[in-house]
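Sequence first, predicted coordinates after that:
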Amino acid sequence: MKSPLPYVGGKWTCLPHIEPRLPLKSQKFVEPFGGGANIILYRKRANIEIYNDIDNQVFNFFHVVKFLPHSFNVRLDLLNHCSPQNFKMLTEIVYGNPNYDDYLKLELESAEKLFEGEQLEIVKRELDEKFRFSNVDKAVAYLLLKKMSYASNGKTYMPTKVNAETVKIEVQRTSARLLDIALENRDFRKVLKSHDGKDAFFYIDPPYFGTERMYTNIFGLIDHEDLFKILGSLEGKFLLSYNDCEFIRKMAKKYGFYIYAYERPNSIALKYDKDNKFPEILVANYDMDEMMYQNTKQISMLI
């Protein structure tokens, strides 16, 4: 199942490299950097599944899709309009507008001069709803921002017609799948430490080294170093995605991890250069070739 959320650094195009190197079965499967959730939604279900992302908007999107899919789809029809003006409004729904508090205050003061009693209370409630968007509104707006922006960055408007009916189907399917997945909104350090164990498997997809500015939450050098330090002491197994660069290879070598290098299409440059490739690596605390062999062996026994 493909995630309904376009996401910077999403792993859908990397699945041919990642999926064969994951264990066929897991007692506990954890994603500390869940992002667009393409891996956990695609792979075979584990007994315990945990999705985590520290970004509040990403977490809110999946939380709403899981528990309020029908409300999501109703609001989608109301907010799905492709224009620069609507893109600006969607941005304000998700991230707020510093003027809204002033607007609300001015409108309330005006309403108190024009209405009284029960009618005034009705107007106050309507104004509060108008200027205070729900989590459902924010989830829908966040999805549309991703779909209507360049490289799904949610910031640069790119005219894009969103097929609402397709999105609704994807949301319903994703909602059903998420019922078996626990959603968390915590720092990756807490997630790794609290869910570690001999039966745990972690798929880890952090902000890539040198590209951290593309994400909402700050992720610096100390965070990359902390991540490798924790991975070096894990009891469970992990598979880690990163960009192929000298710093990451040095860190992987320092802790004695396995490395597999590959290239994927560069989605950002693909429009201008179809042959443009982006070098990536997978890092693990187990032999990935042996994992592939065991997976193939298990599959052949079932045929």
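Cool, the structure landed.

And the pLDDT at the spatially most central residue of the chain?
In the chain, the residue lying closest to the centroid (CA atoms, centre = their mean) is G35, at 2.1 Å. Per-residue pLDDT puts G35 at 94.

residues touching it, list them.
Counting by CB atoms under 8 Å, 6 or more residues apart in numbering, G35 touches 7, 9-11, 53, 58, 205. Glycine gets a C-beta too; all of them are placed from N, C-alpha and C.

one more time with 6 Å, if that's ok
G35 makes contact with Y7, according to CB atoms under 6 Å, 6 or more residues apart in numbering.

Please report how far it lies from K113.
Per CB to CB, to the nearest Å, G35 is found 49 Å from K113.

Okay, now the unreliable bits of the stretch 51-200 of the chain?
Applying pLDDT under 70 to the stretch 51-200 of the chain flags residues 98, 131.

Give me the neighbour count for K44.
11 (other CB atoms under 10 Å).

ugh, wrong one, T156
Residues lying near T156 (other CB under 10 Å) number 10.

Quick check: phi and psi at it.
phi -100, psi 110 (degrees, to the nearest 10).

What is the burial count for the nearest residue in space to it that is not next to it in sequence?
In space, T156 comes closest to Y150 once its chain neighbours are excluded; the distance is 4.1 Å by CB to CB, 6 or more residues apart in numbering. By other CB under 10 Å, the residues close to Y150 number 13.

likewise D102?
For D102, the neighbour count with other CB under 10 Å is 10.

Just the element for it, please.
Following DSSP states H and E, one finds D102 within helix 100-114.

who touches the helix or strand that comes right after that helix?
Downstream of helix 100-114, the next assigned helix or strand under DSSP H and E is helix 117-131. Defining contact as CB under 6 Å, 6+ apart, one finds that helix 117-131 is touched by 100, 104, 107, 111, 115.

Identify each buried residue in helix 117-131, please.
123-124, 127 (16 or more other CB atoms under 10 Å).

Can I get that helix as CSV, trimmed to CA atoms?
Provided in CSV are the C-alpha atoms of helix 117-131 (Å, rounded to 0.1, in the frame of the first residue of the first chain):
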residue,chain,number,x,y,z
GLY,A,117,-28.1,38.0,24.1
GLU,A,118,-28.4,34.7,22.4
GLN,A,119,-27.6,36.1,19.0
LEU,A,120,-24.3,37.5,20.2
GLU,A,121,-23.4,34.1,21.6
ILE,A,122,-24.1,32.5,18.3
VAL,A,123,-21.9,35.0,16.5
LYS,A,124,-19.1,34.5,19.0
ARG,A,125,-19.2,30.7,18.4
GLU,A,126,-19.2,31.2,14.6
LEU,A,127,-16.2,33.6,14.8
ASP,A,128,-14.3,31.2,17.0
GLU,A,129,-14.8,28.4,14.5
LYS,A,130,-13.8,30.7,11.7
PHE,A,131,-10.4,31.6,13.2
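
and F202, backbone torsions?
Note on F202: its backbone torsions stand at phi -110, psi 130 [degrees, to the nearest 10].

Ignoring the adjacent residues along the chain, who's closest to it?
F202 sits nearest to F238 (CB to CB, 6+ apart), 4.1 Å away.

got the contact list for P20?
Contacts for P20 were tallied using CB under 6 Å, 6+ apart; they are M292.

let's see 7 Å
292, 295 (CB atoms under 7 Å, 6 or more residues apart in numbering).

For this structure, just list every one of the strands.
28-31, 48-52, 181-184, 200-204, 237-243, 258-265, 277-284 (DSSP state E).

who does the last one touch, helix- and strand-wise?
Strand 277-284 makes packing contacts with strand 237-243, strand 258-265 when contacts are defined by 3 or more CB pairs under 7 Å, 6 or more residues apart in numbering; DSSP states H and E.
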